[in-house]
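A.B. asks: Pasting a predicted model and its sequence here:
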Amino acid sequence: MRDLTQGKPLKLILQFALPIMLGNVFQLFYSLADTRIVGSYLGEQALAAVGVTSSLNNMIIGFLIGLTNGFAIITARGFGAKDEAHVRRAVSGTFVLGLATSIVLTAVSVFFLPGILRLLNTEEELMPLAVRYFRIILLGMTASMLYNVCAGLLRAIGDTVAPLVFLVISALLNVGLDLLFVRVFAFGVEGAAAATVLSQIIAFAACFCYLWKRYPILHLHREECRLSKKTIKELYATGLSVGLMGCLVNIGSVALQGAINGFGEHTIVAHTAARKITELFMLPFSVFGTTMATYSGQNMGAEKYDRIKKGLTQTILLVWGWCLFVLIAAYTAAPWMVRAVTATKEADIIETASLYLRINTPFYAVPTVICLARNAMQGMGDSITPLISSGVELVGKVVIAVVFSGYFGYMAVIWSEPLIWILMVIPLIIQLVRNPRLRGTAKGCYDRG
């Protein structure tokens, strides 16, 4: 366990973030390897079929991850306040509500999957492959959620090393199973999906056993699984806010995907490759965002608001240094990265994906502030401002998908994110300036009841 309410903020944040960073790197390289394996052994049509489901996958899985991360913030606040009873209630509620939500979401999404893919303008020749691949992913959704519940609870009390270990094992297993199911057994896209689900099940089982053996404070207690209305309200208030924040972002991406799907197979593959590389470039944003949520949550519980302000400022400056590095990478190595991800030799795919990266990366300083500020606000209990910012992104992407993509084609999609980022950051900056806790004028307000 690690107490983030004592010591130098930036040092603590780096120590906390490093294992998360390594874990996300392994997970991302699994994703890149998965894309490469599908492209190499199943062809560009199969890769396009997987690509058309990517934004929908991010929306659904992203909501569940956000939900459980939001639940973990409540655990972090209780831990920061040294309130063990609050921690135990939060842990039990996290498992019960997370499991119930994922089961309902799985049933709904599997039933409506073909209709949703058609709404996204998925080409009929890609439909069979896309449905067969994504249905398996959806059926494994609960395993993914349960792993993220365990990992989120461990991070809430300061343990980021154990989730890293289990994630690395899962990622390596995933790549091995991909090769086995796709290359050796020739199971097609279903094999790639099954490899993902099986590795997530193993990651959850290992993580839960570790959590149960190592941390009695995180044990489930039967009497506390009968949740009070207060506990349900507290968990869902933060969990749904974080989950919906990510969901709104990804709904906008789904709308854009619908427009992209109408531009043809080569554009779909180019966009899939560009987004995979973008995930690598933006990895520190999400890693330090996750860190700031726990860091702010613990210090909120301890009523140390000056530490939140100092940690947020120092972390933004640190990540801006990374932004300069990826800007240089985009302008010097983008074509090579696209070829490495997709195994394609099509010049227009490489050119389109490289153009996307070279237009987006000069604006990365803005999403740095967005990601870190939103998570810090969630940790401090502000559930509204991050949703407003995410709502701006949703509206902007839908407008671009419906209106401007018809006139400017894929170029409208490329320019959409930089323009929307600038609009999104405005309400966050206003609220940060106005926040009385960060100005040092607020009195303690954590409720230990």
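C.D. replies: Great, that's in hand. Please read these numbers as outputs of a predicted model, since none were measured by experiment. Numbering: from 1, shown residues only.
A.B. asks: Can you show me the CA trace of the lowest-mean-pLDDT helix or strand in the chain as PDB?
C.D. replies: Counting by mean pLDDT, DSSP states H and E, the weakest-scoring helix or strand in the chain turns out to be helix 405-408, with a mean of 75. C-alpha atoms of helix 405-408 as PDB (Å, rounded to 0.1, in the frame of the first residue of the first chain):
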ATOM      1  CA  SER A 405     -17.400  14.800 -43.500                       C
ATOM      2  CA  GLY A 406     -19.800  14.900 -46.500                       C
ATOM      3  CA  TYR A 407     -18.100  18.100 -47.800                       C
ATOM      4  CA  PHE A 408     -14.400  17.600 -46.800                       C
END
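A.B. asks: Run through who's touching that helix.
C.D. replies: Residues outside helix 405-408 that contact it (Cβ atoms under 8 Å, 6 or more residues apart in numbering): L256, A259, A412, V413. No exception for glycine: its C-beta is placed from N, CA and C like everyone else's.
A.B. asks: Same question for stretch 180-199.
C.D. replies: With Cβ under 8 Å, 6+ apart as the contact definition, stretch 180-199 has outside contacts at 34, 37-38, 41-42, 46, 49-50, 129, 132-137, 139-140, 143, 170-171, 173-174, 177-178.
A.B. asks: ok, now stretch 337-350?
C.D. replies: Here stretch 337-350 makes contact (Cβ under 8 Å, 6+ apart) with 32, 35-36, 39-40, 44, 47, 266, 269-270, 272-274, 276-277, 329, 335, 353-354, 357.
A.B. asks: measure it end to end?
C.D. replies: One end of stretch 337-350 sits 9 Å from the other (Cα to Cα, to the nearest Å).
A.B. asks: tell me which residues in that stretch are buried?
C.D. replies: Neighbour-count burial for stretch 337-350 flags M337, V338, R339, V341, T342, A343, T344, E346, I349, I350 (criterion: 16 or more other Cβ atoms under 10 Å).
A.B. asks: Need the per-residue pLDDT for D447.
C.D. replies: Predicted confidence (pLDDT) for D447: 43.
A.B. asks: err, S253, not the other one
C.D. replies: 68.
A.B. asks: just the strands in the stretch 151-300 of the chain please.
C.D. replies: Counting by DSSP state E, counting those that start in this stretch, the stretch 151-300 of the chain has no strands to list.
A.B. asks: Which residue ranges of it form helices?
C.D. replies: All helices of the stretch 151-300 of the chain, identified by DSSP state H, counting those that start in this stretch, fall at 161-178, 189-214, 229-261, 265-281, 283-301.
A.B. asks: got a list of contacts for the shortest one?
C.D. replies: Counting by Cβ under 8 Å, 6+ apart, the neighbours of helix 265-281 from elsewhere in the structure are 28, 31-32, 35, 44-45, 47-48, 50-52, 54, 123, 260-261, 326, 329-330, 334, 337-338, 341-342, 344, 346, 348-350, 352-353, 356-357, 360-361, 364, 410, 413.
A.B. asks: any idea of the mean pLDDT for it?
C.D. replies: 84.
A.B. asks: Go ahead and produce CSV holding the CA coordinates of it.
C.D. replies: C-alpha atoms of helix 265-281 as CSV (Å, rounded to 0.1, in the frame of the first residue of the first chain):
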residue,chain,number,x,y,z
GLU,A,265,-11.5,-0.1,-47.0
HIS,A,266,-8.2,1.6,-47.4
THR,A,267,-9.3,4.6,-45.3
ILE,A,268,-10.6,2.3,-42.6
VAL,A,269,-7.3,0.5,-42.4
ALA,A,270,-5.4,3.9,-42.5
HIS,A,271,-7.5,5.3,-39.6
THR,A,272,-7.1,2.0,-37.6
ALA,A,273,-3.4,2.2,-37.9
ALA,A,274,-3.2,6.0,-37.1
ARG,A,275,-5.4,5.4,-34.0
LYS,A,276,-3.2,2.5,-32.8
ILE,A,277,-0.1,4.8,-33.0
THR,A,278,-2.0,7.6,-31.4
GLU,A,279,-2.8,5.3,-28.5
LEU,A,280,0.9,4.9,-28.0
PHE,A,281,1.6,8.6,-28.3
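A.B. asks: Tell me who's in contact with E351.
C.D. replies: E351 makes contact with P335 under the criterion Cβ under 8 Å, 6+ apart.
A.B. asks: How far does the helix or strand harbouring it sit from its chain's centre?
C.D. replies: Using DSSP states H and E, E351 maps to helix 347-360. Here helix 347-360 is found 24 Å from its chain centre; the criterion is Cα atoms, centre = their mean, to the nearest Å.
A.B. asks: Following element in sequence after it, please.
C.D. replies: helix 365-379.
A.B. asks: I'd like the next helix or strand past that next one.
C.D. replies: helix 384-399.
A.B. asks: what about that following helix, distance to the chain center?
C.D. replies: Its chain's C-alpha centre and that of helix 384-399 lie 16 Å apart, by Cα atoms, centre = their mean.
A.B. asks: Now do the buried residues in stretch 286-303.
C.D. replies: Residues of stretch 286-303 classed as buried: 287-302 (neighbour count, 16+ other Cβ under 10 Å).
A.B. asks: With respect to G391, which of these is nearest?
C.D. replies: Closest to G391 out of the buried residues of stretch 286-303 is G289 (18.1 Å), distances taken as Cβ to Cβ.
A.B. asks: Show me the shaky parts of the stretch 201-350 of the chain.
C.D. replies: Residue ranges of the stretch 201-350 of the chain with pLDDT under 70: 246, 248-250, 252-255.
A.B. asks: Of the contacts of stretch 337-350, just the buried ones, ChimeraX syntax please.
C.D. replies: To isolate the buried members of the contacts of stretch 337-350 in ChimeraX, using 16+ other Cβ under 10 Å:
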select :32,35,36,39,44,47,266,269,270,272,273,274,276,277,329,353,354,357
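A.B. asks: ok so, going back, okay if I get the helices of the stretch 151-300 of the chain as JSON lines plus distance to L419?
C.D. replies: Below are the helices of the stretch 151-300 of the chain laid out as JSON lines (distance: least, Cβ to Cβ, whole Å):
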{"stretch": "helix 161-178", "distance to L419": "34"}
{"stretch": "helix 189-214", "distance to L419": "33"}
{"stretch": "helix 229-261", "distance to L419": "13"}
{"stretch": "helix 265-281", "distance to L419": "16"}
{"stretch": "helix 283-301", "distance to L419": "18"}
